[in-house]
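1. Quick one, fold the following:
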Amino acid sequence: MGHFVMEGNLLRQLVRDAKAGDAASFERIVILHECLVLRVAQRILLNGEDAKDAAQEVFIRLHRTLSRFDEEKDLGPWLYRLTVNVCRDVLRRGKRNVPLDIVSDSADAAPDPEQSAVAAQQYRIVLDALQELSPREREAVVLRDLEGRSTEEVAEILGSSETTVRSQLSTGRIKMKNYVTARLRRRK
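-> Model (predicted):
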């Protein structure tokens, strides 16, 4: 899981220490993963306030269930799965209409304001296109295309078969392409 900040052995030690009751180790796990969890929640929920609430709930659940986690396994897939499950719960409850106000990851790295503005605009289009997808398609696209997970990992995280994930990805990508194409035509 290339997105995780620490080397696997050090993260496993933090998990072991947190399971043993070391609050500082758990806090370190949260700090290391809070941006990732929030980013995934924002992309799935497309709602800033709900994403913040979901991220908080993910870490509450992580704390509550950490004793059952096998620290010899990679925390990444489990954390992604927790995030997806919490987002599903939020979607079932119904989300609020609070606009998502986030800046793309690439905009942060852009050296000049014009590049930052273009990157933010492109990212906004991607977020708008994600609204066209069903929740399951959105989860698959976010995890595979935006988070860079393999199809096998996405299937494991979502509790689906690889065939189902491929189908959701194909349908989702087509819907997003059609949305972007239509949006660009309207601009002309």
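2. Against residue 178, how distant is the residue most central in space within the chain?
-> Residue closest to the average C-alpha location in the chain (CA atoms, centre = their mean): residue 40, at 1.6 Å. As judged by CB to CB, to the nearest Å, residue 40 and residue 178 stand 24 Å apart. Every C-beta, even on glycine, is put in place using the N, C-alpha and C of the backbone.
3. Mind giving me the packing neighbours of the lengthiest helix in the chain?
-> If you go by DSSP state H, the chain has its longest helix at helix 162-187. Judged by 3 or more CB pairs under 8 Å, 6 or more residues apart in numbering; DSSP states H and E, the packing partners of helix 162-187 are helix 113-130, helix 135-141, helix 151-158.
4. Reformat the ones you listed as JSON lines; add mean neighbour count.
-> Compiled in JSON lines, the helices and strands packed on helix 162-187 are given as follows (neighbours: other CB atoms under 10 Å):
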{"stretch": "helix 113-130", "mean neighbour count": "15"}
{"stretch": "helix 135-141", "mean neighbour count": "23"}
{"stretch": "helix 151-158", "mean neighbour count": "19"}
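5. What residues does the nearest residue to residue 84 once chain neighbours are set aside make contact with?
-> Spatially, and ignoring its direct neighbours in sequence, residue 84 is nearest to residue 139 (5.6 Å; CB to CB, 6 or more residues apart in numbering). Residues near residue 139 by CB atoms under 8 Å, 6 or more residues apart in numbering: 44, 84, 87, 158, 168.
6. Look up which helix or strand the second one falls in, please.
-> Here residue 84, judged by DSSP states H and E, is contained in helix 75-93.
7. Name the residues of that helix that come out as buried.
-> 75-76, 78-80, 82-88, 90-91 (16 or more other CB atoms under 10 Å).
8. What of stretch 24-34?
-> Quick answer for stretch 24-34 (16+ other CB under 10 Å): 25-26, 28-30, 32-33.
9. Narrow those to those in helices?
-> Checking the buried residues of stretch 24-34 against DSSP H, those in helices are 25-26, 28-30, 32-33.
10. a markdown table please, covering those residues and showing pLDDT and distance to residue 64.
-> Supplementary listing: those in a markdown table, determined by pLDDT from 0 to 100; distance: CB to CB, whole Å:
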| residue | pLDDT | distance to residue 64 |
| --- | --- | --- |
| 25 | 95 | 16 |
| 26 | 96 | 11 |
| 28 | 96 | 18 |
| 29 | 95 | 14 |
| 30 | 96 | 13 |
| 32 | 94 | 19 |
| 33 | 95 | 16 |
